[in-house]
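*Asks:* This is a predicted model, with the sequence first.
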Amino acid sequence: MSGDLDAVIGRRWRRPPLVRQAWLRWAIALGAIAYLVAAVATIEVNWSRVYEGLDRGAAFILSFATPDFTTRAADIRDGMLESIVMTVAASVVGIAISIPIGLGAARNIAPMPVYLICRGIVAVSRALQEIIVAILLVAIFGFGPLAGFLTLSFATIGFLSKLLAEDIEAMDRSQAEAVRATGSRWLQWINYGVQPQVMPRLIGLSMYRIDINFRESAILGLVGAGGIGATLNTAFDRYEYDTAAAILILIIVIVMGLEYLSGIIRARVQ
Amino acid sequence: MPVVEQSGQKVWQRRTRPESLLRWALWLTGTAIFVYCWHQISSATTWYFVVDAPRIAGDIWDRATPPKWNYVTQLGRPIWDTLNIATLGTIIALVLAVPTAFMAARNTTPSALFIRPVALLVIVSTRSINSLIWALLLIAIIGPGVFAGVVAIAIRSIGFCAKLLYEAIEEIDETQVEAITATGASRWQVMAYGIVPQILPAFAGIAVFRWDINIRESTVLGLVGAGGIGLQLSASLNVLAWPQVSLILVVILFAVVISEWVSAKVRGAII
């Protein structure tokens, strides 16, 4: 024992390495370096084009100092309004649909067939990118905010149902049992035994999702699904950086406002 | 407890009269806003197309199946590009996010009055703008290609990584920092031995999590011309080559599932 101690004393302490086997450590490091070299080597950068673009980049950054809200005021207002309208409608519908699906996707309250169906819906909705869903829905329903509204609702279902289901699975069973012991019906059981436990979390997640939906609604216009994205795209295409800067500033301000609002609401319900 | 008299009997109520009126008014306002929004959407919609939608959907499905499997040989390079956009973008973002996070965290910022608000502004503004918009902007500046995609993903990810990281820094155990400080360590030694070991697991988790998200996002960057498999997707969509579109969608789905699996495995191993 004292021999061990003597051997340790006087030796400088060294931080234990992350990976214990030396060969594995080296293999991972070498592999990572090899990949990075290969990855960087295959990226073609047209440096003269980048150099030319630097002026435009500077112009864009400077245009944040002089955003132009007036020249395209009508376009910006219509686009923003459409984005907000899509966000509100899609959030309401998406949240309303994701509550029953969330209940169905919780293993502790749903029977097996319902559970599998609901989990399937959640998986499909989460695996598909919003923008890809939007492309398909625009092809099916035509251009306009309806496709955007459907896309956002669909994406909301995957996000909210999954997190809601996980919250229900993690709930305190004894409270739900107590309500059930009074002889309540299924709906009463959900309403008085389960709902009060998950409500604060549901409100918090819904606020967060509204925030995400607004941000997503800003890009759906790129594929023709309505919202401010179309206006933004046009502004970039015409190199109207001051208008683009104005739109981006508006988006940032609204997102910050939503974040602030959701902070207040979350603090109140919890 | 609010109690009202109803035909001579006292009845318990959950809320007082003003409270229930206020709630009713809020619900009414909310419903009115929703109805207005729905009206806006429906008046901007050509309902004739919507009625026709099931037939169109069936038509597209017929055209898109079966996927053109042998087209997959042409997707090798786009997938490699997509992987590179996600990985290099994540690495650049992490390099930039670390100093931003240290400047934004209340307990490590050099100046809470001047530097912290700037760092928070960087975090909010990079986070609230989608990578597609960043890509659109970068393509206008530096031209289309993989490079624009890498930079777009990098900028977009700074805010996300820095936000999660600075929250982790603010939640560290101060007693460990104090212990290191008590040995007479310098500012950098406190950082290296008191703070960094505590946030390292969170950092690794954030890195892998963001990489997973970036794989998803980089698959569609090509739609605006920023390289990766999205380029093939938009090219196929433009010529209405539905069997190619469905194959690309299958490949994207496959890539997303694999990246999610890798990320879950790595996170499980680290944390």
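*Replies:* Cool, the structure landed.
*Asks:* What residues does the stretch 1-150 of chain A have near chain B?
*Replies:* A:35-36, A:39-40, A:42-46, A:49-50, A:53-54, A:56-57, A:60, A:81-82, A:85-86, A:88-89, A:92, A:127-129, A:131-132, A:135-136, A:139-142, A:144-146, A:149 (Cβ under 8 Å from any Cβ of the partner chain). Using the backbone N, CA and C atoms, a C-beta is placed for each residue, glycine as well.
*Asks:* Return the members of the residues you listed classed as buried.
*Replies:* A:39, A:43, A:50, A:53, A:57, A:60, A:82, A:85-86, A:88-89, A:92, A:127-129, A:131-132, A:135-136, A:139-142, A:144-146, A:149 (16 or more other Cβ atoms under 10 Å in any protein chain shown).
*Asks:* OK, contacts around the residue nearest to residue B:16 when sequence neighbours are not counted?
*Replies:* Distances taken as Cβ to Cβ, 6 or more residues apart in numbering or on different chains place residue B:2 nearest to residue B:16, at 4.4 Å, with adjacent residues excluded. With contact set as Cβ atoms under 8 Å, 6 or more residues apart in numbering or on different chains, residue B:2 has these partners: B:12, B:13, B:14, B:15, B:16, B:17.
*Asks:* If we ignore the residues flanking it in sequence, what's nearest the last one?
*Replies:* In space, not counting the residues next to it along the chain, residue B:17 is nearest to residue B:2; the distance is 7.3 Å by Cβ to Cβ, 6+ apart.
*Asks:* do the same with the third one
*Replies:* Nearest residue to residue B:14 in three dimensions, chain neighbours excluded: residue B:2, at 7.7 Å (Cβ to Cβ, 6+ apart).
*Asks:* Residue B:19 versus that neighbour, what's the distance?
*Replies:* 8 Å (Cβ to Cβ, to the nearest Å).
*Asks:* and what of residue B:198?
*Replies:* Counting by Cβ to Cβ - residue B:198 and residue B:19 are separated by 45 Å.
*Asks:* if I look at residue B:14, how far off is chain A?
*Replies:* Separation of residue B:14 from chain A (Cβ to the nearest Cβ, to the nearest Å) stands at 12 Å.
*Asks:* what's the neighbour count on that residue?
*Replies:* When neighbours are defined as other Cβ atoms under 10 Å in any protein chain shown, residue B:14 has 8 of them.
*Asks:* for chain B, what helix or strand is lowest in average pLDDT?
*Replies:* Ranking every helix and strand in chain B by mean pLDDT, DSSP states H and E puts strand B:3-6 at the bottom, with a mean of 75.
*Asks:* so does the helix or strand following that strand get close to chain A?
*Replies:* Counting by DSSP states H and E, the next helix or strand C-terminal to strand B:3-6 is strand B:9-12. No. For strand B:9-12, no contact with chain A is found by Cβ under 8 Å from any Cβ; the gap never falls below 16.0 Å.
*Asks:* Determine the set of other helices and strands touching the next helix or strand after strand B:9-12.
*Replies:* Counting by DSSP H and E, the next helix or strand C-terminal to strand B:9-12 is helix B:17-43. When contacts are defined as 3 or more Cβ pairs under 8 Å, 6 or more residues apart in numbering or on different chains; DSSP states H and E, helix B:17-43 packs onto helix A:73-104, helix A:145-169.
*Asks:* Mind pulling up the pLDDT for the closest residue in space to residue B:250 that isn't next to it in sequence?
*Replies:* Distance criterion Cβ to Cβ, 6+ apart; nearest residue to residue B:250, sequence neighbours excluded, is residue B:67 at 5.9 Å. Note on residue B:67: pLDDT of 83.
*Asks:* Helices of chain B, residue ranges please.
*Replies:* B:17-43, B:47-64, B:76-104, B:115-128, B:131-142, B:146-170, B:174-182, B:187-190, B:196-220, B:229-238, B:242-270 (DSSP state H).
*Asks:* for the first one, what is the average pLDDT?
*Replies:* The reference is to helix B:17-43. 91.
*Asks:* what do you get for the last one?
*Replies:* Within the predicted structure, the mean pLDDT of helix B:242-270 is 86.
*Asks:* starting at the chain centroid, how far to that helix?
*Replies:* Helix B:242-270 sits 16 Å away from the centroid of its parent chain (Cα atoms, centre = their mean, to the nearest Å).
*Asks:* what about residue B:176, neighbour count?
*Replies:* Neighbours around residue B:176, by other Cβ under 10 Å: 15.
*Asks:* pull the CA atoms of stretch A:35-42 into CSV?
*Replies:* Coordinates of each C-alpha in stretch A:35-42 appear next as CSV, following Å, rounded to 0.1, in the frame of the first residue of the first chain:
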residue,chain,number,x,y,z
TYR,A,35,-11.7,12.7,-43.3
LEU,A,36,-11.3,16.5,-42.7
VAL,A,37,-8.5,16.6,-45.4
ALA,A,38,-10.6,14.7,-47.8
ALA,A,39,-13.7,16.8,-47.1
VAL,A,40,-11.9,20.1,-47.4
ALA,A,41,-10.1,18.9,-50.6
THR,A,42,-13.4,18.1,-52.4
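*Asks:* From the chain's centroid, how far away is it?
*Replies:* Distance, centroid of stretch A:35-42 to centroid of chain: 30 Å (Cα atoms, centre = their mean).
*Asks:* Contact partners for the residue positioned nearest the centre of chain B?
*Replies:* Compute the mean C-alpha point of chain B, and by Cα atoms, centre = their mean the closest residue is residue B:213, 6.6 Å away. Going by Cβ under 8 Å, 6+ apart, residue B:213 touches B:157, B:160.
*Asks:* how far away is it from residue A:247?
*Replies:* In terms of Cβ to Cβ, residue B:213 sits 24 Å off from residue A:247.
*Asks:* number of nearby residues for residue 189?
*Replies:* Using chain A. Residue A:189 has 18 nearby residues by other Cβ under 10 Å.
*Asks:* right idea, wrong chain: chain B
*Replies:* 13.
*Asks:* nearest spatial neighbour of it, skipping sequence neighbours?
*Replies:* Nearest to residue B:189 is residue B:180, by Cβ to Cβ, 6+ apart, at 6.9 Å.
*Asks:* And that neighbour, how far from residue B:106?
*Replies:* 19 Å.
*Asks:* what about the two, which has more around it?
*Replies:* residue B:180 (18 against 10).
*Asks:* tell me the contacts of the residue positioned nearest the centre of chain A?
*Replies:* Here the mean C-alpha position of chain A is nearest to the C-alpha of residue A:212 (Cα atoms, centre = their mean), at a distance of 5.3 Å. Applying Cβ under 8 Å, 6+ apart, one finds that residue A:212 lies in contact with residue A:159.
*Asks:* And the one 10 residues further on, by the same measure?
*Replies:* Under the criterion of Cβ under 8 Å, 6+ apart, the contact partners of residue A:222 comprise A:131, A:229, A:230, A:233, B:132, B:136, B:223, B:224.
*Asks:* That's all I had, so thanks and see you.
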